[in-house]
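Asks: Sequence plus the predicted model coming up.
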There are 2 protein chains.
Amino acid sequence: MKVTNSGMALFLSTYLNKVDKKGRVSVPAQFRSALASENFQGVVVFRSNHHAALEGFSWSFMEEIGQRLDHFDLFSDLQDDLATAVFGDSVQLPFDGDGRIVLPKELMDFAQIEGSANFVGLGKKFQIWNPKTFKKRREDARTQVKVQGLTIPKGGA
Amino acid sequence: MKVTNSGMALFLSTYLNKVDKKGRVSVPAQFRSALASENFQGVVVFRSNHHAALEGFSWSFMEEIGQRLDHFDLFSDLQDDLATAVFGDSVQLPFDGDGRIVLPKELMDFAQIEGSANFVGLGKKFQIWNPKTFKKRREDARTQVKVQGLTIPKGGA
DNA sequence: TGGATATTTATGGGATAGCATGGGTTTTTA
DNA sequence: TAAAAACCCATGCTATCCCATAAATATCCA
């Protein structure tokens, strides 16, 4: 049955794909179809500030972040730091004909990715992990949510 | 008679359906017709935090959760934990032409589902259980309600 | 009203198309 | 001109589609 999503891209689920010796990885088909309506057919990737992992965005969400940053003083240290960490460090990775991207070597080293990688949907963004590292990370997140009783705030309405 | 519902999906009753060796299960027709007005014809499923069972939602409810998460700082630990545990752990399961979904193996293992499964309507969401496990769960829930009902003090306030 | 006929569901199996993956070939660029 | 990047094709696997059957439900008409 046909799947057509309206609204902005929403990344869901966790996928495990192989990384070949050229550094190529298939972006999960579900992620790609979430990006179908984008102008730029590909993703934007940069280093996570919190984990040994990579952050992935759509181009248009990147633009949205830019607008959020505009709310800071243009020449403030904070704006500068954020912009440097996010924009200065990010790469634009187009899909090849088969829906793959090529991960730059520096980024693979940073995230300790070698033969395979986990694509983790986090709503508007996603992350790319070394599978072994992510296993721990996932357990942490689950216990955090469970133990701390974190809940999603009730909506208005 | 065919029943068409306006407004949000409401899931009621308990159904017992078979799971074939491909992992396919029919979603109860009543549940499907509650989802008739959805853009995405299918459900979103993830692991329950409290039971050995699966939680099911409509896609639009998932989008609602996404919007609530937007209220957090994009790179905060809280946002990260919640998104990892909620979005990273969920799967989008479209109906096939006959109203079935395919349960991923990991989720079946988690909920110990094998040859058949209970679909339990809980209002805005539903759950999928191993029938044997659910039998106990239902008895527990009933006695809880009964005991608590007996011990809740009269009046007050 | 009751019984016969049509629809909707649930379920199983086989056919098919899409996806992930690997290798090779051309094109770019350093 | 060598190395790397983009492009193209081949393959196996699995998810998706399509059809067949049976049971349950609804509909129709005498």
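Replies: Everything's here; your move. Numbers count the residues shown, from 1 in each chain, chains lettered A, B, ... in the order given.

Asks: Strands of chain A, start to end?
Replies: Using DSSP state E, the strands of chain A run over A:14-18, A:24-26, A:42-47, A:54-57, A:91-94, A:100-102, A:116-121, A:126-129.

Asks: Out of those strands, which gets nearest to residue B:19?
Replies: Nearest of those to residue B:19, taken as Cβ to Cβ: strand A:14-18 at 22.1 Å. To be clear about C-beta, it is placed using only N, CA and C from the backbone, and glycine gets the same treatment.

Asks: What pairs with the closest one, parallel or antiparallel?
Replies: strand A:116-121 (antiparallel) (DSSP bridges).

Asks: In the strand it pairs with, which residues are buried?
Replies: Buried residues in strand A:116-121, counted by 16 or more other Cβ atoms under 10 Å in any protein chain shown: A:117-121.

Asks: and if you look at stretch A:90-105?
Replies: So for stretch A:90-105, counting by 16+ other Cβ under 10 Å, buried means A:90, A:93, A:95, A:99-103.

Asks: Kindly indicate which of those lies nearest residue B:46.
Replies: residue A:99 (25.0 Å).

Asks: got a pLDDT number for the closest one?
Replies: Residue A:99 is assigned a predicted lDDT (pLDDT) of 97.

Asks: for residue A:2, same thing?
Replies: Residue A:2 carries a pLDDT value of 43.

Asks: about what we covered before: any chance of the strands of chain A in a markdown table, plus distance to residue B:66?
Replies: Compiled in a markdown table, these are given as follows (distance: least, Cβ to Cβ, whole Å):
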| stretch | distance to residue B:66 |
| --- | --- |
| strand A:14-18 | 17 |
| strand A:24-26 | 24 |
| strand A:42-47 | 18 |
| strand A:54-57 | 15 |
| strand A:91-94 | 24 |
| strand A:100-102 | 24 |
| strand A:116-121 | 11 |
| strand A:126-129 | 13 |
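
Asks: Looking at those strands, which is nearest to residue B:125?
Replies: Comparing those against residue B:125 with Cβ to Cβ, the closest turns out to be strand A:116-121 (19.4 Å).

Asks: From the rest of the structure, what touches the helix or strand of chain A with the lowest mean pLDDT?
Replies: The helix or strand of chain A with the poorest confidence is helix A:77-83; it has a mean of 80 (mean pLDDT, DSSP states H and E). Helix A:77-83 has contacts (Cβ atoms under 8 Å, 6 or more residues apart in numbering or on different chains) with A:69, A:72-73.
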